[in-house]
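Undergrad: Dropping a prediction and its sequence here:
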Amino acid sequence: MSNPVIQLQQAIVDNFKSEKGNEESKNKPFKFEIIQPNKVTNARYSYNEVQENILTCIMMGLQDQIFNKTDIQRDLFGNPMVVIDCANMPTGANNKSHVWNSCKDLRKKDIEFEWTAPTGETREVTTGLINTASWIKGTSKIEIEISKWAIPFLLYWGKGVGGTQFDCSIALVLKGEHTKRLYKLCSRWKDKGGFTMPLPEFRDMMMLENKYPDNKDLKKRVLEPSKTRINEMSDLEVQYDLVKRGGSKEANFINFKILSNASRKINDKPNTWYSFIWGCLNRIYPNFKSDKATTICDELANTQQLRHAFDRFARLDDDLTNGKIKLDDFIKIGKTILRDDYFIKI
């Protein structure tokens, strides 16, 4: 009988390539996207903003390895690993000690899930997400050894699990731990136009059972800020309502309405220009491969050209989103803009 680990890895590769093939066959503009298993999207956990970015970077690294190499990178001891470069984190979260401390805290947090192996055997698993974090001194790079049992939790979205596809560059630049989680959750349902869930279940998922017990505080502290950020900075338009069901005296369900927001309603603020341009440049220079996106954004900011660059890349992004150009065209045109308009070496 085949090794179940090998079977699992092949299933992951087949899933990922199938999704990419489907995307291309539908002639949709390809974005800087990953597929997150719905079990992760709906899992009960509480990560801070940097830890949420670390999770996204781990999944980006693993999926890039699997899709391009059909294998997972290993450390010196043969354990699965990814390398995170703190310099490539979005602005405001690239402090090495901050990322390092977040890694150390994340190592202590457990994840629990049920997994059905390709052989049909089902197991209930509790494990840590990462076993070891190793900061390579003198650099901004942190090597993260991932728990072997976390691999199926992080990567398998096949039969009985399903996957959430979202834009990594958006997930990384959105501010706020709850905003990031809500963006991923809404991305799961964007093709359906929305979803409804019991309010206690939403609180449990976000680990807010003992925080903001009054719905007014939940709206003020979590829902309203997250909705505003998602609507201003992402490819989604989100609206929500708290409703009463089953004779309840208080709202006990939450309804989300989700629309595509190709126009990206972006405020006229420098930090917003930076985040938007950073997201665009990540399609040209993925942040798990180099730090060019951050370096170029910093150069544009230092030369006070963010506003102008934002206008150029906003139009280019609209063409990609609306299907007028493909990703290859986006990359070529983007590099030409950087070279000819801003004299940036590419």
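TA: Cool, got the structure. Numbers count the residues shown, from 1 in each chain.

Undergrad: Please make it C-alpha for all contacts and neighbour counts, starting now.
TA: Fine.

Undergrad: unless I'm mixing things up, residue 175 is touching residue 50, no?
TA: No. Counting by C-alpha atoms under 8 Å, residue 175 stays clear of residue 50, with 9.7 Å between them.

Undergrad: OK, contacts around the closest residue to residue 112 other than its chain neighbours?
TA: Residue nearest to residue 112 in three dimensions, not counting chain neighbours: residue 126, with 4.4 Å by C-alpha to C-alpha, 6 or more residues apart in numbering. Listed by C-alpha atoms under 8 Å, 6 or more residues apart in numbering, the contact set of residue 126 reads 110-113.

Undergrad: in what helix or strand does residue 83 lie?
TA: Element membership for residue 83, per DSSP states H and E: strand 81-85.

Undergrad: moving C-terminal of that strand, what's the next helix or strand?
TA: helix 96-107.

Undergrad: elements contacting that following helix?
TA: Counting contacts by 3 or more C-alpha pairs under 8 Å, 6 or more residues apart in numbering; DSSP states H and E, helix 96-107 packs against helix 49-69, strand 130-135.

Undergrad: Looking at the ones you listed, which is nearest to residue 250?
TA: For those, the distance to residue 250 is smallest for helix 49-69, at 30.6 Å, taking C-alpha to C-alpha.

Undergrad: Which positions in that closest one come out as buried?
TA: Burial within helix 49-69, assessed by neighbour count using 16 or more other C-alpha atoms under 10 Å, is assigned to 49-67.

Undergrad: Likewise for stretch 212-230?
TA: 219, 222-224, 226-227, 229-230.

Undergrad: Quick one: end-to-end distance for it.
TA: End-to-end distance of stretch 212-230 (C-alpha to C-alpha, to the nearest Å): 21 Å.

Undergrad: Secondary structure element for the residue of the chain positioned farthest from its centre, which one?
TA: Distance from the centre of the chain peaks at residue 247, with 37.8 Å (C-alpha atoms, centre = their mean). For residue 247, there is no host helix or strand (DSSP H and E).

Undergrad: Please tell me the pLDDT value assigned to it.
TA: pLDDT recorded at residue 247 is 85.

Undergrad: How is this protein partitioned into domains?
TA: 4-166, 174-260, 270-342 (automatic domain parsing).

Undergrad: Now do the end-to-end distance for the second one.
TA: Looking at domain 174-260, the gap from its leading to its trailing residue is 17 Å under the measure C-alpha to C-alpha.

Undergrad: how about the residue nearest to residue 112, secondary structure?
TA: strand (DSSP: H, G, I helix; E, B strand; the rest coil).

Undergrad: Distance-wise, check it relative to residue 110.
TA: Taken as C-alpha to C-alpha, the span from residue 126 to residue 110 is 7 Å.

Undergrad: what residue ranges in the stretch 1-150 of the chain are flagged as low confidence?
TA: Where the stretch 1-150 of the chain drops to pLDDT under 70, the residues are 1-32, 66-72, 90-94, 118.

Undergrad: how about 80 then?
TA: 1-33, 64-73, 75-78, 87-95, 113-120 (pLDDT under 80).

Undergrad: Please tell me how far the residue nearest to residue 112 sits from residue 86.
TA: In terms of C-alpha to C-alpha, residue 126 sits 28 Å off from residue 86.

Undergrad: Then residue 323?
TA: 33 Å.

Undergrad: Next, count neighbours for residue 124.
TA: Residue 124 is flanked by 9 other residues according to other C-alpha atoms under 10 Å.

Undergrad: Bridged to it, which residues?
TA: Per DSSP bridges, the residues bridged to residue 124 are residue 114.

Undergrad: same check, this time on the one 10 residues further on
TA: The bridge-partner assignment for residue 134, based on DSSP bridges, gives residue 143.

Undergrad: Isn't it up against residue 140?
TA: No. The criterion here is C-alpha under 8 Å, and residue 134 misses it with residue 140 at 11.1 Å.

Undergrad: Compare the two and say which is more crowded by neighbours.
TA: Ranked by neighbour count (other C-alpha under 10 Å), residue 134 and residue 140 place residue 140 first, with 18 against 14.

Undergrad: Correct me if wrong: that one contacts residue 83.
TA: No. Assessed by C-alpha under 8 Å, residue 140 is found out of contact with residue 83, at 10.2 Å.

Undergrad: Residue 325: what's its closest spatial neighbour, skipping adjacent residues?
TA: Spatial nearest neighbour of residue 325, chain neighbours left out: residue 319 (5.8 Å); criterion: C-alpha to C-alpha, 6+ apart.

Undergrad: Could you do residue 231 as well?
TA: Excluding its sequence neighbours, the residue lying closest to residue 231 (C-alpha to C-alpha, 6+ apart) is residue 237, at 5.0 Å.

Undergrad: Could you check how many residues crowd around that neighbour?
TA: By other C-alpha under 10 Å, 22 other residues sit near residue 237.

Undergrad: Please indicate which of the contacts of residue 126 are buried?
TA: Buried by 16+ other C-alpha under 10 Å: 112-113, out of the contacts of residue 126.

Undergrad: Show me where the stretch 201-346 of the chain dips below the pLDDT cut-off.
TA: Low-confidence segments of the stretch 201-346 of the chain (pLDDT under 80): 260-276, 279, 286-291, 321-322, 345-346.

Undergrad: which residues in the chain form strands?
TA: 33-37, 81-85, 110-116, 122-128, 130-135, 141-146, 163-167, 194-198, 236-243, 253-260 (DSSP state E).

Undergrad: can you tell which of these is closest to residue 156?
TA: Here strand 33-37 is closest among those (C-alpha to C-alpha), at 6.1 Å.
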